[in-house]
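Chemist: Got a sequence here, can you build the structure:
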Amino acid sequence: MAILAKENTAGASSPPRRLGLAGRGEARAGFLFALPWMVGLTIFTIIPLLLTFYIAQTKFQIVGAPKYVGLANYAAMWIDPAMWTSARNTMFFAVVSVPIKLVIALGLALLLNRVTALSGFYRTVFYLPFLMPAVAGSIVFMLLLTPDAGPVNIALKALGFSPPDWLLDPKAALWTIILLSLWPLGVETLVFLGGLQNIPKDVSEAADLDSPRGWHKLVWITIPLISPMILFNLVIGIIYSFQVFTQALVVGGTTGKPAEATLMYMVVLYRAAFRYFNVGYAAAMATVLFVGVLLLTLLIFRTARSWVHYEGDSR
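Modeler: This is a model prediction of the structure:
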């Protein structure tokens, strides 16, 4: 017993072993492999982010040196009606489009999960719209929604409906942009499909035996098991929805036609920087957007503790 006690005491007090030659070589190799990524992150993300924070406190019009003005750009944002209009439109776009995207993408993933023949073909078909440039997709949708000659309005009139003027009616224009955003759902669908295919077969079979009703299984078994994928798609969807730009610019231009109904936050930011050359004001808008999306993302992760379930979680 005394010998064991001495051995335990010696083992407890001995300093941690240093890495051998092989361990140090692996550490250096890992650092070298990560070095290009760290350099790219520093040059293309961290440094531009810090410069944006600085330029937001200056009056900078591209030509000439920046002039420090403190919080003047943020004060100008507070009284800018275009900024408030764009923020309201962007909030509405995000609140409406993101949940609809999640529901449609989950429904498509459930359908694809049941398909056995030509499953790879269908996955490719659903992913292809994501590869189309946003400008080309927006132009195609504008042609489809043309009031008189558009196929969508012709079909609705044939069915007895009175279609709105999608592009010129202020009440319908913002919904048109939401429809444009719902078209490329390939990424969200494939993420959900990957989660569905990773559900253990024994859990699915046990759920079928316990409760054969599909809706009960979907709500109490399937959705909790793919909740990490729901969290991923939710966060990514919110981040991108607050940065909607191309569709709004193609449909409504820099003025948000009609009647600023399609004026989005990123369009006002773009207009301030590249039309009025007020780069300091645009940087202030970018800073506010960054902080707002960051806080919203942190809030989502905070609340996710109560509804996201990971494999092996003992909660």
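
Chemist: Give me the helices and strands touching the longest helix seen in the chain, please.
Modeler: When the chain is parsed with DSSP state H, its longest helix is helix 81-114. With contacts defined as 3 or more C-beta pairs under 8 Å, 6 or more residues apart in numbering; DSSP states H and E, helix 81-114 has these neighbours: helix 119-131, helix 170-182, helix 186-197, helix 227-241, helix 265-274. All C-beta atoms are positioned from the backbone trio N, CA, C, and that covers glycine.

Chemist: Let me see the residues that make contact with the first one.
Modeler: What it means is helix 119-131. Contact partners of helix 119-131, identified using C-beta atoms under 8 Å, 6 or more residues apart in numbering, comprise L108, L112, V115, G137, W183, P184, L185, G186, V187, T189, L190, L193.

Chemist: same check, this time on stretch 154-174
Modeler: By C-beta under 8 Å, 6+ apart, stretch 154-174 touches 89, 92-93, 142, 145-147, 150, 152-153, 175-176, 251-252, 257-259, 261-262.

Chemist: Give the rounded mean pLDDT of the longest helix of the chain.
Modeler: What helix 81-114 shows for mean pLDDT is 94.

Chemist: And that helix, how far out from the chain middle?
Modeler: Averaging C-alpha positions (C-alpha atoms, centre = their mean, to the nearest Å) puts helix 81-114 10 Å from its chain's average.

Chemist: now swap in stretch 26-44 and tell me
Modeler: Worked out by C-alpha atoms, centre = their mean, stretch 26-44 lies 26 Å from the chain centre.

Chemist: If we go by neighbour counts, what in that stretch is buried?
Modeler: Buried residues in stretch 26-44, counting neighbours by 16 or more other C-beta atoms under 10 Å, are absent.

Chemist: what does stretch 98-112 give?
Modeler: So stretch 98-112, judged by 16+ other C-beta under 10 Å, has buried residues V98, K101, L102, A105, L106, L108, A109, L110, L112.

Chemist: hang on, the earlier thing: including mean neighbour count, could the helices and strands packed on helix 81-114 go into CSV?
Modeler: Formatted as CSV, these follow (neighbours: other C-beta atoms under 10 Å):
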stretch, mean neighbour count
helix 119-131, 13
helix 170-182, 19
helix 186-197, 20
helix 227-241, 18
helix 265-274, 22
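
Chemist: closest to I47 out of those?
Modeler: With distances scored as C-beta to C-beta, the stretch of those nearest to I47 is helix 265-274 (18.3 Å).
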